[in-house]
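In: generate coordinates for the sequence data below:
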Amino acid sequence: MKRIEGKIRIAVIGAGGISGAHVRGMVEHKGLVECTALCDVSEENLRKRCEQLGHTPPMFSDWRKMLREHGDQIDAVDICLPHHLHAPAILDAVAAGKHVLCEKPMCTSLKDADLIVAAVKKSGVIYMSAHNQLFMPVVQEAKKMIAAGAIGRIRWLRSQDCFMADAQGMAGKWRANANLQGGGELIDTGYHPTYRLLYLADAEVAGVRGTMARFHMAIEGEDTASVQVRFSNGAIGEILTSWAFANPIGTHQIHVIGEQGQIFGSGNTLNYLPAGYAQPAVMNLKQVDTFAEQMLHFGQCLRTGKRPLHSTEEGRQVLKVICQAAKDAAGWQRYNTLAGKPKKKGRA
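Out: Next up, the predicted model:
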């Protein structure tokens with residue numbers, strides 16, 4: 001891969017809600033990256049991103065036309081589209097020789113994931129999965145401590161992300177459609193605790209069990225998922241994620257127990273409890289904007305040729321866990337509590 005020495009020219013594909021966080025990262029690191037094109041079917045979305053950028057780059061409503069007519073001004077694309085459009089946008093960008101940063105999930109099927117892995121490998125471009133919560137202070141510090149042997153061999157770990165969402169907020173929109181979404185909450189918000197779990201475990205997945213339900217949201221997919229993961233080294237992992245309730249009181253975004261102690265915390269507060277101690281040491285870490293850190297990491301990878309923390313392989317691995325959990329959950333008789341009637345077997 002030829003390294004990019006000047007400012008990295010990035011085109012944003014999809015200028016809706018989440019792109020605002022990505023563009024915030026571009027503005028934060030404007031000495032490293034710059035937005036040289038915007039693409040969206042909504043003029044309102046385009047206007048908002050231009051206001052945020054403080055300038056008006058060339059705008060398009062079709063990413064293929066953008067790549068074809070404006071490709072010489074683009075080094076990389078930042079994909080912030082609805083889930084079902086991720087795979088075609090990635091494949092088109094890679095075919096055009098552009099580096100890619102893509103919002104989670106990488107795609108919605110393992111078949112598409114395999115096509116993406118092969119295309120990226122063949123092209124030699126850098127692909128980065130936009131797993132911004134890898135840059136959470138507690139996640140990065142916990143990773144360092146685990147690698148240094150602070151708690152010994154991992155025995156159990158948990159990653160969670162739960163909150164009460166607006167029950168009607170997604171009704172009639174693409175997230176309410178299981179085909180466009182790729183499922184329900186687990187492939188959306190639940191993607192974050194899934195990739196955090198795999199990152200901290202740093203082991204091959206040996207088995208996955210899943211239980212899902214829809215308690216609250218007016219969507220086709222689940223709004224709550226509980227997933228159990230068995231790792232090849234014997235560690236037990238748990239994922240809890242929901243749009244129907246907040247994080248259980250007293251719990252944390254991450255919790256890792258090893259043979260010599262525990263690490264647990266949320267946001268920028270991490271607790272370390274060595275075995276035999278009654279009270280944990282509390283570390284208040286520096287607050288960061290995870291989206292800004294994500295953009296910085298992407299830019300540095302393009303500048304140096306370094307592999308991103310999570311690329312296609314990790315994107316596929318996270319999706320595989322989610323697909324396995326959904327398949328396992330389909331074997332259970334689940335109840336749609338919105339209607340008060342049993343649902344047929346299959347995804348909620």
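In: low-confidence ranges in the chain?
Out: Within the chain, the ranges that satisfy pLDDT under 70 run 1-2, 332-348.
In: check whether V94 really touches I126, as I assumed.
Out: No. Between V94 and I126 there is no contact under Cβ atoms under 8 Å: 10.2 Å. For the C-beta atoms, the positions are set from N, CA and C on the backbone; glycine is no exception.
In: quick one: which of these two has more around it?
Out: Neighbours were counted for V94 and for I126 using other Cβ atoms under 10 Å; V94 has more, 24 against 21.
In: got any residues that touch both of V94 and I126?
Out: Common contacts of V94 and I126 (Cβ atoms under 8 Å, 6 or more residues apart in numbering): V100.
In: now do stretch 265-277: distance from first to last residue.
Out: For stretch 265-277, the separation between the terminal residues is 17 Å (Cα to Cα, to the nearest Å).
In: doesn't R158 belong to a strand?
Out: Yes. R158 sits within a strand when classified using DSSP: H, G, I helix; E, B strand; the rest coil.
In: tell me the spacing between it and I257.
Out: 9 Å (Cβ to Cβ, to the nearest Å).
In: quick one, phi/psi of N268?
Out: Note on N268: backbone dihedrals following degrees, to the nearest 10 are phi -120, psi 20.
In: got the contact list for it?
Out: Applying Cβ under 8 Å, 6+ apart to N268 gives the contacts M136, P137, V138, N284, L285, K286, Q287, V288.
In: try it again at 6 Å.
Out: P137, L285, Q287 (Cβ atoms under 6 Å, 6 or more residues apart in numbering).
In: how about the helices in the stretch 101-250 of the chain?
Out: 110-123, 137-147, 178-181, 191-201 (DSSP state H, counting those that start in this stretch).
In: make JSON lines out of those helices and add mean neighbour count and distance to Q228.
Out: Formatted as JSON lines, the helices of the stretch 101-250 of the chain follow (neighbours: other Cβ atoms under 10 Å; distance: least, Cβ to Cβ, whole Å):
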{"stretch": "helix 110-123", "mean neighbour count": "17", "distance to Q228": "20"}
{"stretch": "helix 137-147", "mean neighbour count": "18", "distance to Q228": "20"}
{"stretch": "helix 178-181", "mean neighbour count": "17", "distance to Q228": "23"}
{"stretch": "helix 191-201", "mean neighbour count": "24", "distance to Q228": "11"}
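In: redo the ones you listed as JSON lines? Include distance to A213.
Out: Listed next are the helices of the stretch 101-250 of the chain as JSON lines, based on distance: least, Cβ to Cβ, whole Å:
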{"stretch": "helix 110-123", "distance to A213": "24"}
{"stretch": "helix 137-147", "distance to A213": "27"}
{"stretch": "helix 178-181", "distance to A213": "14"}
{"stretch": "helix 191-201", "distance to A213": "17"}
